[in-house]
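Undergrad: sequence and predicted structure below; questions after.
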Amino acid sequence: MLKKWILIVMAAALSAFISPAIAAEEDNHELHSEDIQPWRIGAEIFVNSTLFEADFGDLSGGLFATDDPGIDVNVQQGAFTPGNWLRFQSIGQLLFWNGTQWSETTPNGERIEITDALNNTISFNANGVSEIAGVIGEIDSNGGLHEHLNFRILDASNTPNGSLGAYRIQFKLFESAPQSNTSVSIAASPIAIVFNRGLAFESFESAVAAAADLDENSAFIAETGLLTIQRVKAFGTYYRVKLQYTENNQFQLIEAEEVIDAD
């Protein structure tokens, strides 16, 4: 009965899931490879994108580190307050792309660390993130800032290393007075960075396309035809479901896991 109910829903909503997924797959993500470019209007921070790409194999960082993307305030769109600090608060947990889907576990206890402007270490791992808020830098006299933080990946042995795949972190930008944790402006949406660790271009772009759907409650992998919906309600109960695309615009339910304590 659950299977029939979900298939009826999917038939009606199919275009909403597949069309964005195909579009994301065809997108070359040029915007994502730029620096993060925030600006402020009133008490709200806006950004040029909420998804960015980075590569632990880039020339400057080597195999397990990078200082991209940078953060470059768009003063023309909206300056920040000179002398204040632009900061970030880590959220969620480290996710790993296993080739077909995003997973909440990493192969070898990997974590990603950010070294902030005050030389603090902000950590992301499969169990969560550091509670401390990081400092990107001090806003200059023109209301702008251009900084590059250092990102690195380490394994369970505390060695710079990382299993082949892609890794995603998220954080929110906010502005504060110096030496203060109280925000005077904040971004409504988090920023996600997807890091490539040794994947070929096409494989990494598949990971990025799937990451774009994570916050939309669904992820469709065009190569495998697998659709994951994080939460769907059936007969008063919430489920996390996986469906396999077959043909004739239909999906076959292959897994349904009850979600406990769903809001």
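TA: Yes, it's here.
Undergrad: can you tell me which residue is spatially central in the chain?
TA: The centroid of the chain falls nearest to residue 192 when counting by Cα atoms, centre = their mean (2.8 Å).
Undergrad: look at it and report its pLDDT.
TA: pLDDT recorded at residue 192 is 96.
Undergrad: go on, the one 5 residues further on?
TA: If you check residue 197, the pLDDT there is 96.
Undergrad: related to what we said a few turns ago, hang on, the residue nearest to the centre of the chain packs against residue 52?
TA: Yes. Counting by Cβ atoms under 8 Å, residue 192 touches residue 52, with 7.2 Å between them. No exception for glycine: its C-beta is placed from N, CA and C like everyone else's.
Undergrad: partner residues bridging the residue nearest to the centre of the chain?
TA: Residue 192 has the following beta-bridge partners by DSSP bridges: residue 51, residue 170.
Undergrad: which residues does it contact?
TA: Listed by Cβ atoms under 8 Å, 6 or more residues apart in numbering, the contact partners of residue 192 are 50, 51, 52, 168, 169, 170, 211, 214, 215.
Undergrad: how about a cut-off of 10 Å?
TA: Residue 192 makes contact with 32, 49-53, 91-92, 95, 168-171, 208, 211-212, 214-215 under the criterion Cβ atoms under 10 Å, 6 or more residues apart in numbering.
Undergrad: what do you get for residue 180?
TA: Residue 180 is in contact with 84, 85, 87, counting by Cβ under 10 Å, 6+ apart.
Undergrad: return the member of those residues nearest to residue 64.
TA: Nearest to residue 64 among these: residue 87, at 25.4 Å, using Cβ to Cβ.
Undergrad: for residue 44, list each beta-bridge partner.
TA: When residue 44 is checked against DSSP bridges, its beta-bridge partners turn out to be residue 41, residue 186.
Undergrad: that one: neighbour count?
TA: Summarising burial for residue 44: neighbours were counted as other Cβ atoms under 10 Å, giving 12.
Undergrad: distance of it from residue 78?
TA: Summarising the geometry, the distance separating residue 44 from residue 78, computed by Cβ to Cβ, to the nearest Å, is 9 Å.
Undergrad: now residue 206
TA: Here the distance between residue 206 and residue 78 works out to 35 Å (Cβ to Cβ).
Undergrad: who has more neighbours out of these two?
TA: Neighbours were counted for residue 206 and for residue 78 using other Cβ under 10 Å; residue 206 has more, 22 against 17.
Undergrad: any idea how far the nearest residue to residue 129 once chain neighbours are set aside lies from residue 202?
TA: With sequence-adjacent residues excluded and distances taken as Cβ to Cβ, 6 or more residues apart in numbering, residue 129 is closest to residue 90, at 3.7 Å. In this structure, residue 90 and residue 202 are 30 Å apart, going by Cβ to Cβ.
Undergrad: those two: who's more crowded?
TA: Neighbour totals were compared for residue 90 and residue 202, and residue 90 leads with 23 against 9 (other Cβ under 10 Å).
Undergrad: tell me what that one is bridged to.
TA: Using DSSP bridges, the bridge partners assigned to residue 90 are residue 171.
Undergrad: hmm, it is touching residue 111, no?
TA: No. The criterion here is Cβ atoms under 10 Å, and residue 90 misses it with residue 111 at 11.6 Å.
Undergrad: perfect, that will be all.
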